[in-house]
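# here is my input; please provide its structure:
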Amino acid sequence: MPTNRLLPTPDADSKPFWDGCREHKLLFQKCASCGHVRWPAGVICPQCHGRDAQWIEARGQGVVYSYAIYHQAFHPAFKDNLPYVVAVVELAEGPMLLGNIVDCPQHDLRCDMAVQAAWDDVTAQCSLPKFRPLGP
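Here you go, the predicted structure:
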């Protein structure tokens, strides 16, 4: 199915993350030396400079660190989604991830609001992580 959406182009470092997203899983590298969980993925741990890491599955829960509400489309692919929210979410495991907040009235948005990963199955090969408020 053709799409006018902007889709990620995984590289060798990020491919496991995007493969996990396709299965509705958030996968991150965890340093074998110091335990730091990181995003973006890379060869060297930014905390201790270790080179050994394994991929772990995150719970997908976190809090809104910061957000912006877009009322103007800066690319034609986003014009049908206006207005939309882009947030930096600090996940329970530590990494911060950029994504849309969905299923939340804009007047209810707050920094430190608890959120849970949600998924946008854009194509059969690509699911994008988004976030929705964590229920009471």
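# only C-alpha atoms from now on, for both contacts and neighbour counts.
Fine.
# flag the shaky bits of the chain, pLDDT-wise.
In the prediction, the chain carries residues with pLDDT under 70 at positions 1-3, 136.
# show me where it has its helices.
For the chain, applying DSSP state H gives helices covering 15-22.
# where is the longest strand in it?
Ranked by residue count, the top strand of the chain under DSSP state E comes out as strand 61-70.
# which secondary structure elements does that one contact?
Packing contacts for strand 61-70, counted by 3 or more CA pairs under 8 Å, 6 or more residues apart in numbering; DSSP states H and E, involve strand 84-91, strand 114-121.
# now do the first one: distance to the chain's middle.
The gap between where strand 84-91 is centred and where its chain is centred comes out at 8 Å by CA atoms, centre = their mean, to the nearest Å.
# report all helices and strands that that strand contacts.
When contacts are defined as 3+ CA pairs under 8 Å, 6+ apart, strand 84-91 sits against strand 61-70, strand 96-101.
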